[in-house]
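Undergrad: show me the folded form of this:
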Amino acid sequence: MRRTVLKSLLAAPAAVALPGLVWAQAKPEKSKLTVAVGGKNLFYYLPLTVAEQLGYFKAEGLEVEIPDFAGGSKALQALVGGSADVVSGAYEHTINMQAKRQPIQSIVLQGRAPQIVLAASTKTMPGFKSIADLKGKKIGVTAPGSSTAMMASYVLAKAGIKPTDVSFIGVGASSGAITAVKSGQVDAIANLDPVITMLERDQLIKIISDTRTLKDTQAVYGGPMPAACLYTPVKFVQENPATCQALANVMVRALRWLQKAGPSEIVKTVPESFLLGDRSLYLAAWERVREAISPDGLMPEAGPATALRVLQTFDDKLKTAKIDLGQTATNSFAKKAAAKYA
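TA: Residues are numbered from 1 along each chain as shown. Next up is the predicted model:
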């Protein structure tokens, strides 16, 4: 843990890093893939949608199926259960799974800020004053165990509230989450845009903690906090380096497109259902989180250490676990992809 994380990332396993020059343009070992995701309509996963809609997977020789689950923890379960090859999900899962001796690795970063917002319901908690008021309450998250639940747990822990002092309720990441707040099923919610912006518009929530911008993320976590990434078992990375390179190429190309895309291009690219019935609000929400999208797919040097420190704040098992952060992510694929799409 004391080694420099960047050095660890660059010194990726030999099976991954050394053959790079040989297989960079090689045919993917596995062309048919299942990439699981939890809440595909969220901006958190927009690079994945862009890649799919613009045909970037096919351009790299990949035929990809993308099942959408209620939350990131459900997508992770699909990977562990063998029904998915790769997950587009929160980086934090790579740390949690290493602690469980089921090593998975991020091969390309999609988000450099979590975009998650914790907010109190103005319907059930009109007199909300502080985080302490959440003790004993029901908090809606995309799915228990997901990154939204982890973010909420961290904010609560800093206020002296244990995760067991509240009830986490899975509400998904779309209209179901909005309904849960409107109907009073939950007292607070940890979710992402465009859901949060729509709840704000209707004055249904009061923001408690916000990580939609780099500045706010720094304020909440005290350092850079990596968010969405493509992760897969370390064994898959070692056995399918050309496939992983193709996936990184796809994602970096999508990230580059998003850096230049205008509002009209975004709306034309995403499915109509993602707009949740309000195009202008969707675009307004996009502008609020735009900088949270990674520009290059690279894991920031201090990112893994920040994530580990955050998780250790509320997870006692991780306080004593031996975590090799260098095994949780590699920048080797993203660097080659960046060179290809420079």
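
Undergrad: name the residues of the helix or strand hosting Met150 that come out as buried.
TA: Here Met150, judged by DSSP states H and E, is contained in helix 147-158. By neighbour count, and taking 16 or more other Cβ atoms under 10 Å as the criterion, the buried residues in helix 147-158 are 147-157. No exception for glycine: its C-beta is placed from N, CA and C like everyone else's.

Undergrad: stretch 45-58 now?
TA: 45-52, 56-57.

Undergrad: repeat for stretch 321-337
TA: Taking 16+ other Cβ under 10 Å as the criterion, stretch 321-337 shows 321, 323, 325-337 as buried.

Undergrad: where's that stretch relative to the chain centroid, distance-wise?
TA: 16 Å (Cα atoms, centre = their mean, to the nearest Å).

Undergrad: quick one on the thing from earlier: just the buried residues of stretch 45-58: which are in strands?
TA: In strands, defined here by DSSP state E, there are no members of those.

Undergrad: make a markdown table out of those and add distance to Leu275 and pLDDT.
TA: Output for the buried residues of stretch 45-58, formatted as a markdown table (distance: Cβ to Cβ, whole Å; pLDDT from 0 to 100):
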| residue | distance to Leu275 | pLDDT |
| --- | --- | --- |
| Tyr45 | 15 | 98 |
| Leu46 | 13 | 98 |
| Pro47 | 18 | 98 |
| Leu48 | 17 | 98 |
| Thr49 | 12 | 98 |
| Val50 | 15 | 98 |
| Ala51 | 19 | 98 |
| Glu52 | 17 | 98 |
| Tyr56 | 22 | 98 |
| Phe57 | 23 | 98 |
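
Undergrad: find the residue at the geometric middle of the protein.
TA: Taking Cα atoms, centre = their mean as the criterion, Ala228 is the residue nearest the geometric centre of the chain, at 2.5 Å.

Undergrad: right, and that one touches Tyr44 too?
TA: Yes. Because the distance of 5.2 Å satisfies Cβ atoms under 8 Å, Ala228 is recorded as touching Tyr44.

Undergrad: overlap of the contact sets of those two?
TA: Between them, Ala228 and Tyr44 share the neighbouring residues 110-111, with contact defined by Cβ atoms under 8 Å, 6 or more residues apart in numbering.

Undergrad: what about Gly176, neighbour count?
TA: Here the number of neighbours of Gly176 (other Cβ atoms under 10 Å) works out to 15.

Undergrad: report pLDDT for it.
TA: Per-residue confidence (pLDDT) for Gly176: 95.

Undergrad: roughly how far does it sit from Arg279?
TA: Shown here: Gly176 relative to Arg279, a distance of 21 Å by Cβ to Cβ, to the nearest Å.

Undergrad: need the longest helix for the chain.
TA: What stands out as the longest helix in the chain, according to DSSP state H, is helix 241-260.

Undergrad: secondary structure class for Gly172?
TA: Reducing the assignment to helix, strand or coil with DSSP: H, G, I helix; E, B strand; the rest coil, the entry for Gly172 is coil.

Undergrad: so which residue of this structure lies furthest out from the middle?
TA: Of all residues in the chain, Gly127 has its C-alpha farthest from the mean position, at 31.9 Å, by Cα atoms, centre = their mean.

Undergrad: find the nearest non-adjacent residue to that one, please.
TA: The shortest distance from Gly127 to any non-neighbouring residue, by Cβ to Cβ, 6 or more residues apart in numbering, is to Asp133 (7.9 Å).

Undergrad: ok, Gln327 next?
TA: Taking Cβ to Cβ, 6+ apart, and ignoring the residues beside it in sequence, Gln327 has Pro103 as its nearest neighbour in space, at 6.1 Å.

Undergrad: what about that neighbour, neighbour count?
TA: There are 16 residues near Pro103, going by other Cβ under 10 Å.

Undergrad: surely it is in contact with Ala329?
TA: No. Applying Cβ under 8 Å as the test, Pro103 and Ala329 come out as separate, 11.4 Å apart.

Undergrad: what is in contact with the two at once?
TA: Thr94.

Undergrad: still on that earlier bit, how near is the residue farthest from the centre of the chain to Ala119?
TA: As judged by Cβ to Cβ, Gly127 and Ala119 stand 15 Å apart.
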